[in-house]
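Engineer: what's the 3D shape of this:
(2 chains)
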Protein chains: 2
Amino acid sequence: DKEVNNGGDRLICKLSGRRNVVVNDFRGKTLVSIREFYRKDGLQVPSGKGISLSTEQWSALKKNVPAIEEAIKKMESKLR
Amino acid sequence: DKEVNNGGDRLICKLSGRRNVVVNDFRGKTLVSIREFYRKDGLQVPSGKGISLSTEQWSALKKNVPAIEEAIKKMESKLR
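Structural biologist: Next comes the predicted model:
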């Protein structure tokens, strides 16, 4: 689902019922927020549960996607 | 930097001085935590600022990396 919500933020994807990835502008800085939202008066309001990454931090995360994948596989193979 | 910290969690990458991506096991479930840590008695302790994604939520995030990239570009072109 792609849509723009009330604050002009861009909702990129839902990760679960309440968890969203949103790209927004905060004082002229672009942020990638991975965050839980709650409903208040029909609006989606960001909760404190989550993290807002600068574009530099997002780039670091993106670069490490393969390493994260590898770590998940290792962790899962230990758990089984 | 890859290392295993005190709790057996796997530190995947630093996003900033205090922000880390960690893959850990919580009660038999693998979690990808994007979180701020603080130092206490020489140990890295997770703070409440962050989010721990299930592997399903992580997969949803990963699948949406191109959409997030596109949204950042659009946002940055508006800001300039």
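
Engineer: Okay, strands next: where are they in chain A?
Structural biologist: A:3-4, A:10-14, A:19-26, A:29-40, A:43-54 (DSSP state E).

Engineer: Just put those in CSV and tack on mean neighbour count and mean pLDDT.
Structural biologist: For the C-beta atoms, the positions are set from N, CA and C on the backbone; glycine is no exception. Formatted as CSV, these follow (neighbours: other CB atoms under 10 Å in any protein chain shown; pLDDT from 0 to 100):
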stretch, mean neighbour count, mean pLDDT
strand A:3-4, 9, 51
strand A:10-14, 19, 89
strand A:19-26, 20, 94
strand A:29-40, 17, 95
strand A:43-54, 15, 94
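
Engineer: Pull the number of nearby residues for A:Ala67.
Structural biologist: 15 (other CB atoms under 10 Å in any protein chain shown).

Engineer: And for A:Lys78, the neighbour number?
Structural biologist: If we define neighbours as other CB under 10 Å, then A:Lys78 has 10 of them.
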